[in-house]
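Colleague: A structural model of the following input is requested.
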Amino acid sequence: MGDWTPPAAGGDRQSGQNVIVALRRGLDILDMFSADRRVVGITDIALELGIHKSSASRLAATLASAGYLVAASAGNYTLGPRLAVLGSLLAARQDLASVVTPFLRELVERTGETGHLAVLDDTVAKTVQVVDGWHTVRMHSWAGKLSPAHCSSMGKALLAGLSDAEIGERYPDAELPVRTVHTIGTVERLRNELARIRRTGYSLDNEELEAGLRCVAAPVFSPEGGVDASISISGPAQRLTRDRMAVLTRLVRWYAWRASMARGVLAVPAGWPAAPTEEPPAPDWIERPRAADHPDT
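Modeller: Numbers count the residues shown, from 1 in each chain. The predicted structure is shown next:
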């Protein structure tokens, strides 16, 4: 079955005996929005639907009263919260991993590093999906792996979606278990790190969980406005230098946001930085080896 394409706005809206013209026009207005067109004006609606501006204004106002549109400025509208609710119902029918994994695979293909999808279980980050990297030397992981959230990049991205009160409930003691000399060892330091993650939109593991391993993660948002998953890439510290990590954060954030949108998310929740709008270029140091040179990849 091919992709569904909505009929052109100027098409015949009365070809079917049971078509309600006003409803069809309202749906045509919603179809005018796209990733490149977030705001639609009354004049645009009138021109594209071939109706008077007064009729376009009444249609848009009706959609806004039901929550399908929101007035952005005089005569202009953006998509409304009701669509996010409907999108969440659709996304709920789909398994989290099935929606997010295609984007994780793209991220791994572009970087060669092992990719993870994780969810939070109290103070533990649980890996629910792994995509192996294609570098000869790479991290090996597995679905079902449990990692302390406070010292893994994907765990910290998940914790950053919690309130200060929730952090206090999950970490009642001032001290935290230490895995390496780089592990965050106090709740106070963890709170500061989570605040930084919310400012930047990504989290890092600089050999905090395991010596010689670095990771970068970003949150995957839910249609309800929270953080219920994260994706990450991990690799050896010798390859993932601090300078390179700074570049990889942009790629990870890009694919995490694309995964969020695929789940029906229309806007970044309050308190997080704006969503990335341009796809980052592939890092210039990454060159995938030829299959003939590495037949096992």
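Colleague: where are the low-confidence patches of the stretch 151-297 of the chain?
Modeller: 289-297 (pLDDT under 70).
Colleague: Can you show me the helices along it?
Modeller: For the stretch 151-297 of the chain, applying DSSP state H, counting those that start in this stretch gives helices covering 153-159, 164-170, 187-200, 242-262.
Colleague: Packing partners of the first one?
Modeller: I take that to be helix 153-159. Judged by 3 or more C-beta pairs under 8 Å, 6 or more residues apart in numbering; DSSP states H and E, the packing partners of helix 153-159 are strand 114-121, strand 124-131, strand 146-148, helix 187-200, strand 203-206, strand 213-221, strand 227-236. From N, CA and C alone the C-beta is placed, and that goes for glycine too.
Colleague: Relative to Phe221, which of the helices of the stretch 151-297 of the chain is closest?
Modeller: Nearest to Phe221, of all those, is helix 242-262, at 4.2 Å by C-beta to C-beta.
Colleague: okay, the closest one in CSV with CA atoms only?
Modeller: Below are the C-alpha coordinates for helix 242-262, written out as CSV (Å, rounded to 0.1, in the frame of the first residue of the first chain):
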residue,chain,number,x,y,z
ARG,A,242,35.6,15.6,23.7
ASP,A,243,35.8,17.6,20.5
ARG,A,244,34.1,14.9,18.5
MET,A,245,31.4,14.5,21.2
ALA,A,246,30.5,18.2,20.8
VAL,A,247,29.8,17.4,17.1
LEU,A,248,27.9,14.2,17.7
THR,A,249,25.5,15.9,20.2
ARG,A,250,23.9,17.7,17.3
LEU,A,251,23.3,14.5,15.4
VAL,A,252,21.8,12.7,18.4
ARG,A,253,19.5,15.6,19.2
TRP,A,254,18.4,15.7,15.5
TYR,A,255,17.3,12.1,15.4
ALA,A,256,15.8,12.2,18.9
TRP,A,257,13.6,15.1,17.8
ARG,A,258,12.6,13.3,14.6
ALA,A,259,11.6,10.2,16.7
SER,A,260,9.6,12.5,19.0
MET,A,261,7.7,14.0,16.0
ALA,A,262,7.0,10.5,14.7
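Colleague: winner for burial among the helices and strands packed on helix 153-159?
Modeller: The highest mean neighbour count among those, using mean count of other C-beta atoms under 10 Å, belongs to strand 213-221: a mean of 28.
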